[in-house]
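Student: attaching a predicted model along with its sequence, questions to come.
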Amino acid sequence: RKEVEQDPGPFNVPEGATVAFNCTYSNSASQSFFWYRQDCRKEPKLLMSVYSSGNEDGRFTAQLNRASQYISLLIRDSKLSDSATYLCVVNFAGFQKLVFGTGTRLLVSP
Amino acid sequence: GAGVSQSPSNKVTEKGKDVELRCDPISGHTALYWYRQSLGQGLEFLIYFQGNSAPDKSGLPSDRFSAERTGGSVSTLTIQRTQQEDSAVYLCASSMSLDTEAFFGQGTRLTVV
């Protein structure tokens, strides 16, 4: 099993749609979780951290499910500018490093 | 500047030559990562430095690849006898600790011809 797994997509959605991505992780001792966004030919940038209680930032909501070892990202009212690749990132305490998923590609169309 | 700085931003080299890629992390960040990304692909982990601990080299694809981090700050990734399959964007990231987010540099685009 991969350390961090994501559906590569692409997810094709119309503007205004709600879309959700999941990411599963293998190390139950993981303690920190993040979502990053990567635009074409750009470096990844932090979108939001994921807290145990779940957190929301505008149209974006992140959730953590420790029992099933996955995190999720929900995007409401999708905009064209949301088109990007979304990377799931998990810290692996035993290995002392952050592990990146390979990303889920989102395409929002008019 | 305040961010992660990588140089050069672009490098074209001939097959068989050696190249050195440099990363200047954010001041005070103890963790430093190198990744590479081929066109249209995800991030491939290469190597990780954390403080004075031995680096995690588990992602280096062959013994042609090596990296060092001097004085806990600047890091250099060296690729010897480059091959065409080494062509990719090499990304460096740093973080303050294991539990905090990582910040990326803009990458070095390496093209081996």
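Tutor: Arrived safely, thanks for sending. Worth saying up front: this structure is predicted, and the values here are computed from it rather than measured.
Student: ok, A:C40 - contacts?
Tutor: Residues in contact with A:C40 (C-beta atoms under 8 Å, 6 or more residues apart in numbering or on different chains) are A:A84. For glycine as for every other residue, the C-beta is placed from the backbone atoms N, C-alpha and C.
Student: could you do A:L106 as well?
Tutor: A:9-11, A:13, A:19, A:21, A:75, A:78, A:82-86 are the contacts of A:L106 under C-beta under 8 Å, 6+ apart.
Student: give me that answer again for 7 Å
Tutor: By C-beta atoms under 7 Å, 6 or more residues apart in numbering or on different chains, the contact set of A:L106 is A:G9, A:P10, A:F11, A:V19, A:D82, A:S83, A:A84, A:Y86.
Student: return the residues of chain B in contact with chain A.
Tutor: Residues of chain B lying near chain A by C-beta under 7 Å from any C-beta of the partner chain: B:42-43, B:48, B:50, B:56, B:91, B:95, B:98-99, B:101-102, B:104-107.
Student: lowest pLDDT pick from those?
Tutor: Among the residues of chain B next to chain A, B:L98 has the lowest pLDDT, at 70.
Student: does that one sit in a helix, a strand or a coil?
Tutor: Counting by DSSP: H, G, I helix; E, B strand; the rest coil, the backbone at B:L98 sits in coil.
Student: hmm, it is touching A:V90, no?
Tutor: No. Contact between B:L98 and A:V90 fails when scored by C-beta atoms under 7 Å: they sit 11.1 Å apart.
Student: quick check: which element contains the closest residue to chain B within chain A?
Tutor: Per C-beta to the nearest C-beta, A:T102 is where chain A lies closest to chain B, at 2.8 Å. Applying DSSP states H and E as the criterion places A:T102 outside every helix and strand.
Student: and if you look at A:L87?
Tutor: Using DSSP H and E, A:L87 maps to strand A:84-92.
Student: over to B:A2?
Tutor: Applying DSSP H and E, one finds B:A2 in no helix or strand.
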